[in-house]
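# Return atomic coordinates for the entry below.
(chains A, B, C, D, E and F)
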There are 4 protein chains.
Amino acid sequence: MGKLELNKMRKKSALYNTAFELFTTKGLAKTTISDIVENAGVAKGTFYLYFKDKYDIRNKLISHKAGELFSQARDALEQAHVTGFTAQLHFLVDNILDRLETESDLLGFISKNLSWGVFKDAFQEQADEDDFPFFQEYLNLLDQSDVQYDSPELLLFTIIELVSSTSYSCILHSQPVCLAEYRPYLHKTIDCILQAFAHTDESGLSAANMNVISDKHFDQN
Amino acid sequence: MGKLELNKMRKKSALYNTAFELFTTKGLAKTTISDIVENAGVAKGTFYLYFKDKYDIRNKLISHKAGELFSQARDALEQAHVTGFTAQLHFLVDNILDRLETESDLLGFISKNLSWGVFKDAFQEQADEDDFPFFQEYLNLLDQSDVQYDSPELLLFTIIELVSSTSYSCILHSQPVCLAEYRPYLHKTIDCILQAFAHTDESGLSAANMNVISDKHFDQN
Amino acid sequence: MGKLELNKMRKKSALYNTAFELFTTKGLAKTTISDIVENAGVAKGTFYLYFKDKYDIRNKLISHKAGELFSQARDALEQAHVTGFTAQLHFLVDNILDRLETESDLLGFISKNLSWGVFKDAFQEQADEDDFPFFQEYLNLLDQSDVQYDSPELLLFTIIELVSSTSYSCILHSQPVCLAEYRPYLHKTIDCILQAFAHTDESGLSAANMNVISDKHFDQN
Amino acid sequence: MGKLELNKMRKKSALYNTAFELFTTKGLAKTTISDIVENAGVAKGTFYLYFKDKYDIRNKLISHKAGELFSQARDALEQAHVTGFTAQLHFLVDNILDRLETESDLLGFISKNLSWGVFKDAFQEQADEDDFPFFQEYLNLLDQSDVQYDSPELLLFTIIELVSSTSYSCILHSQPVCLAEYRPYLHKTIDCILQAFAHTDESGLSAANMNVISDKHFDQN
DNA sequence: CATGAATGAGACTTCATTCAT
DNA sequence: AATGAATGAAGTCTCATTCAT
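Residues are numbered from 1 along each chain as shown, chains lettered A, B, ... in the order given. The predicted model follows:
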């Protein structure tokens, strides 16, 4: 990489770091492009060389940070030699929760954006840059399990939405309780969700039947 | 109510309605106070007579709309003569989902704000204006159930976060699937969550034991 | 005075008192009519029943307060049985300085407005309401003096401007020194001014000659 | 100086000139920033690039104009070869009075602000920009005098307050008389003030004694 | 590539004044 | 006489974006 090329990266990097710092401390709305360039030590015009606007840099930051979150959890899992899909899943959840609890500003930032859309973007980014098929890895873990699951994608979706949504409230506002208090319930709930999505031929709990089941709850609509 | 008093309410109402209309169509960020007063047909100063700023009217709208959502679902439940706590809960969820699916702009507005914090505010509002203790009613439903539940508040919290978070993604972005497709899974998941929170003396599933259970998932931390 | 009449006066009085309170604490520019009526406990419209605008009530307040200042000093002089014009003048100055030093907010308010224009207004007001010819009284004091003075009006003007201007700086900003330190110099200066205006036939210090004197200070203009 | 630098100065200058023009004609309160930028031919934002607000540019203007006033008077004095402290002082006063009489709008602007505080600021500014110790120069003039003066600073303070205060009234309102008529009295008064501050060992007119003198004017306090 | 002075549209907010009650 | 809700003109200030250097 040439000296010029290096300098280019340094400026872009400075903008990323500064923007993240400001977004997490002052919030998106109260952070101006002037703030960012001033703190990053680059000129106003330089910002527009790399980003379209404030929202552009934010989106790129969210994807990056969310991807990082998952990728670090995955690395930790590898080191931990946990066996069994269920245990692995709980490990990943706890690892991410620990990180979010420590860096609550990070949680506030990706906050309620840690949803399916961003999750997929994060996957995407991993795939692009590191050629790392994140979702595929999840499927691999699943394959090694004894249990078969209906709709693995919807299973993951359900868990991610539940975890992100509840942890946001518990960590940032301690509402209705703090994370420490809620965590056991969360794990228990995840266990139940796994059961709900577990494939069982004889039980009539398959997706096809579920409509019938849920429909019969009501005598009118 | 005097003529003056009436006119006052009319202005305030116009502001509320117009603000909601604009927030749901243009979004909060792109809606200006000038927009609101212009469309509401009142003077700019009048806005500041009733609201501190844009965020003030938004918060009041969210509480109001969320409260309305629950209160209408409750009314429908009363009319429907559904028996059994589980069936009642599913009915309420479906009623709200139907409404949100129809009025997806409403969902986009209260969106991810339909969280515990707002939920409590909505309760509050109901309590204030109609002397209707919403949460109490939920506890009443629960009492009539044969099954006993641990931590009713955390149970409700878990369900509300799950429903609001997943329905947002499914309804507004059809991600990962549309609501029609996800709905049976959601109901099934709720059933499982109910089981998870069900109090059973002999089974060792009580909250006290859950820590042990969730802890054993990992061989290190 | 009727009950109605009384109520009228009470409101007007409340407006005066509140306005003075606010002008001296917040300053004229930062005091709004809303502030005044709110603190006075009357309606907005009522203000306009009695005053044209903020400046109207301010001017009336200044005249009133300045008049009060002089009239109280005069009363104190009467009680004090001071004899001799020079001593009487010094007494008046000291009395006013004492009062201004105590009520420095009053000084800040009438501040640099305690000039000839306002002074005359204050005289005017006294003349109107109490039929008390203030300036006449000054002339009377002067008449009783052994010494004759040229241009009594200009003498008074010079002294008032000097006293008000220097005391403002000394009392409010202790610049260049505090009043206690400056006061002896002020009295000494007043003594000299009296000499300067003293009429003396033989000395060539008459007004007519003064031009000559002051002209010769320069060899060009 | 680069083209860019030059253009920058031109804009700032235009703002200064326009602001002064408007402040002196319309007054501070009635001059808006919109007025200023419009007349200066620059954009609104440009104003805020150089000044915090209206009061910022006013303060900078006052200091600058007051400094200019003194510095030009000093230059004229140098050219005039006037000898003797008293004559020099009268020359300076007359020079400034002439200028203020001609540019009465300038007087109205720095008006009653030509007080000790601003005077010192003006000194400061001179010292900063031209390395010209204005007050020191005054002391130098004083040193060359035969007569010794007590508290040279208080002497200057007294004279400046007197001159600025009275000339304001005479020039702007011709109250109680026009400047032409008052000027001889003013010079005479200045002469007397000089006497009052003149140091005389034998006479008991020293500062220490003055308290006694001024105290004896009253038989009570 | 990088800069940063300049822009100017437009957001927000205040507040003197009116007028129907 | 008294009220106070409503007004809307007028002001302040911000900030994303451009472009000549």
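# how's chain A carved up into domains?
A:1-51, A:52-200 (automatic domain parsing).
# And stretch A:46-64, how far out from the chain middle?
Centroid displacement of stretch A:46-64 relative to its chain, using C-alpha atoms, centre = their mean, to the nearest Å, is 19 Å.
# again with stretch A:5-20
Centroid separation between stretch A:5-20 and its chain, computed with C-alpha atoms, centre = their mean, is 24 Å.
# So which bits of chain A are right by DNA strand E?
Residues of chain A found near DNA strand E (C-beta under 7 Å from any atom of the strand) are A:7-8, A:11, A:42-46, A:49. (Each C-beta comes from the backbone N, C-alpha and C, glycine too.)
# Write a ChimeraX command that selects only the buried members of these.
With 16 or more other C-beta atoms under 10 Å in any protein chain shown as the criterion, this ChimeraX line picks the buried residues out of these:
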select /A:11,42,46
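# among the residues of chain A next to DNA strand E, which are within reach of DNA strand F?
By C-beta under 7 Å from any atom of the strand, the members of the residues of chain A next to DNA strand E lying near DNA strand F are A:44-45.
# Redo the residues of chain A next to DNA strand E as JSON lines? Include secondary structure and pLDDT.
Shown next, in JSON lines, are the residues of chain A next to DNA strand E (DSSP: H, G, I helix; E, B strand; the rest coil; pLDDT from 0 to 100):
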{"residue": "A:Asn7", "secondary structure": "helix", "pLDDT": "79"}
{"residue": "A:Lys8", "secondary structure": "helix", "pLDDT": "79"}
{"residue": "A:Lys11", "secondary structure": "helix", "pLDDT": "91"}
{"residue": "A:Val42", "secondary structure": "coil", "pLDDT": "95"}
{"residue": "A:Ala43", "secondary structure": "coil", "pLDDT": "96"}
{"residue": "A:Lys44", "secondary structure": "helix", "pLDDT": "96"}
{"residue": "A:Gly45", "secondary structure": "helix", "pLDDT": "96"}
{"residue": "A:Thr46", "secondary structure": "helix", "pLDDT": "96"}
{"residue": "A:Leu49", "secondary structure": "helix", "pLDDT": "94"}
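# so which of the residues of chain A next to DNA strand E would you say is closest to A:His187?
Of all those, the one with the least separation from A:His187 (C-beta to C-beta) is A:Lys11, at 44.1 Å.
# and the closest one, how far is that from D:Trp116?
Distance of A:Lys11 to D:Trp116, given as C-beta to C-beta, to the nearest Å: 51 Å.
# Got the phi and psi for the residue in chain A that chain C sits nearest to?
Chain C sits closest to A:Lys30 of chain A, with a gap of 26.5 Å, by C-beta to the nearest C-beta. Here is the backbone geometry of A:Lys30 (degrees, to the nearest 10): phi -90, psi 0.
# Relative to DNA strand E, how far out is it?
To DNA strand E, A:Lys30 is 13 Å away according to C-beta to the nearest atom of the strand, to the nearest Å.
# Within range of DNA strand F, give me the residues from chain A.
Within reach of DNA strand F by C-beta under 7 Å from any atom of the strand, chain A has these residues: A:30, A:32-34, A:44-45, A:47-48, A:52-54.
# Just send those residues back as CSV, with secondary structure and distance to C:Thr83 too.
As requested, these are exported to CSV (DSSP: H, G, I helix; E, B strand; the rest coil; distance: C-beta to C-beta, whole Å):
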residue, secondary structure, distance to C:Thr83
A:Lys30, coil, 72
A:Thr32, coil, 73
A:Ile33, helix, 78
A:Ser34, helix, 73
A:Lys44, helix, 77
A:Gly45, helix, 82
A:Phe47, helix, 82
A:Tyr48, helix, 84
A:Lys52, coil, 88
A:Asp53, coil, 84
A:Lys54, helix, 81
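# most surrounded residue in those?
A:Phe47 (23 neighbours; other C-beta atoms under 10 Å in any protein chain shown).
# what residues are up against it?
Applying C-beta atoms under 8 Å, 6 or more residues apart in numbering or on different chains, we find A:Phe47 in contact with A:15, A:33, A:36-37.
# same question, A:Leu139
Taking C-beta under 8 Å, 6+ apart as the criterion, A:Leu139 is in contact with A:Pro152.
# what about it, distance to DNA strand E?
Distance from A:Leu139 to DNA strand E, counting by C-beta to the nearest atom of the strand: 39 Å.
# Can you tell me the element that residue falls in?
Assigned by DSSP states H and E, A:Leu139 falls within helix A:134-143.
# Now do the buried residues in that helix.
By neighbour count on 16+ other C-beta under 10 Å, the buried set for helix A:134-143 is A:134-135, A:138, A:141-142.
# With stretch A:172-192 instead?
A:172, A:175-177, A:179, A:182-192.
# got the contact list for A:Lys54?
Neighbours of A:Lys54 in contact, by C-beta under 8 Å, 6+ apart: A:28, A:31-33, A:36.
# quick revisit: so among the buried residues of helix A:134-143, where is pLDDT lowest?
Lowest pLDDT of the buried residues of helix A:134-143: A:Phe134, 75.
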